[in-house]
Every structure is written in structure tokens, then in C-alpha cells.
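>>> sharing a model that was predicted from the sequence below.
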Amino acid sequence: MFEIGDKVVYPMHGAGTIVAIEEREILGVIHKYYILKLPINQLKVMVPVKTADKLGVREITTVDEMDKVLDELSSNEKIDVPKNWNRRYRHNFEKIKSGNLIEIAEVVKCLENLDQKKSLSTGERKILTEARQIIASEMALVYDKDISEITGIINKALS
């Protein structure tokens, strides 16, 4: 069980700090929730304590692991992705859903490269934005920097 002040990742939403653990009554049943404050837009998210493990909530990664994510973002290694935009969308969505930072970095790198060649579809642009936010939110907590600094670090790695 996590405690107030712990820095955790909630897959598909990003990383945040547990600012409270509250009980809420829903349909006559009392449930405990972690209240996460995400660094992106100062968003607050409620995560049921009972199902946090099943949802993939985990502690934030280490500085060494985050350095590997930056290496992935800056590498020139080509990534094979489906040519068809619909298959590519599903492929990238599955990588994001996995919660694996290296795979999410691959999605960012792939879509950023594709965006340089041709304009992304609305769906792919949304996935790119979500993937960047997931990485940026965790990176901000790992490196203890604000989002604007982290955005600059990510942009530099990608260029």
C-alpha cells in the first residue's frame, strides 16, 4: 500500500504524488481512494486503493532508468511500425497501455519522426500528446524539475 507523499505512476495518465487517501461512499459502499496530483496541468486523479495493483499503479522509476528513456528518445535507431495508420494507431496505443517507458518513448520518437515527413492524423496527434505527457510527468518527478524544463529536455533529445 502506498502512503501520502509517495510518487507513483498511473498508466495512461502519468506520474503524480499521492496527496491524500480518502474514503468515499459510492452506491452505499465506502471505498478508499488514492488522490494523485499530476504535474501536468495540476490535475487530480482518484485511484481505488483496492484495485491499484490491477490497474498497474507503480512507484516512479529510477534516474538510471529515466536516462535510458532519454537515450531511446535521442537514438537514431529505426523502429518498425505498421504502414497503415489504423494498425499503427492500435500498435502505438498498446505500447502506451503497457506502461513501459521505453515503449512509450518509441511511440514518441516514431510519431515525431512521422510528423516531420507528413502531418499526423488527429488520432495519432492525440496519442503523441498523451505519450509525451506520460513521459514528461514521470520525468519531472524523477529529475525533480518542472514541466517546462522537462519539455525542453525531451525536445532536445528528439532533435
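On my side now, so go ahead.
>>> hey, let's count contacts and neighbours off CA atoms from now on
Noted.
>>> list the beta-bridge partners for the residue nearest to L43 when sequence neighbours are not counted.
Distance criterion C-alpha to C-alpha, 6 or more residues apart in numbering; nearest residue to L43, sequence neighbours excluded, is K37 at 5.7 Å. Counting by DSSP bridges, K37 is bridged to T17, K44.
>>> spit out the contact partners of K37.
G16, T17, I18, V19, L43, K44, V45 (C-alpha atoms under 8 Å, 6 or more residues apart in numbering).
>>> out of those, which is most surrounded?
G16 (28 neighbours; other C-alpha atoms under 10 Å).
>>> is it true that that one touches N41?
No. Between G16 and N41 there is no contact under C-alpha atoms under 8 Å: 11.2 Å.
>>> what's the helix or strand E149 falls within packed up against?
Assigned by DSSP states H and E, E149 falls within helix 147-158. The elements that helix 147-158 packs onto, with contact taken as 3 or more C-alpha pairs under 8 Å, 6 or more residues apart in numbering; DSSP states H and E, are helix 63-74, helix 122-143.
>>> most packed of those helices?
Mean neighbour count (mean count of other C-alpha atoms under 10 Å) peaks for helix 122-143 among these, with a mean of 20.
>>> off-centre distance for it?
Put simply, helix 122-143 sits 5 Å off its chain's centre (C-alpha atoms, centre = their mean, to the nearest Å).
>>> what's the angle from that helix to helix 63-74?
If you take axes from the mean of the first three to the mean of the last three C-alpha atoms, to 10 degrees, helix 122-143 sits at 150 degrees to helix 63-74.
>>> tell me the domain boundaries of the protein?
Following automatic domain parsing, the chain resolves into domains at 7-59, 63-158.
>>> quick revisit: can you mark which positions in the helix holding E149 are buried?
For helix 147-158, burial by neighbour count (16 or more other C-alpha atoms under 10 Å) applies to I147, I150, T151, I154, A157, L158.
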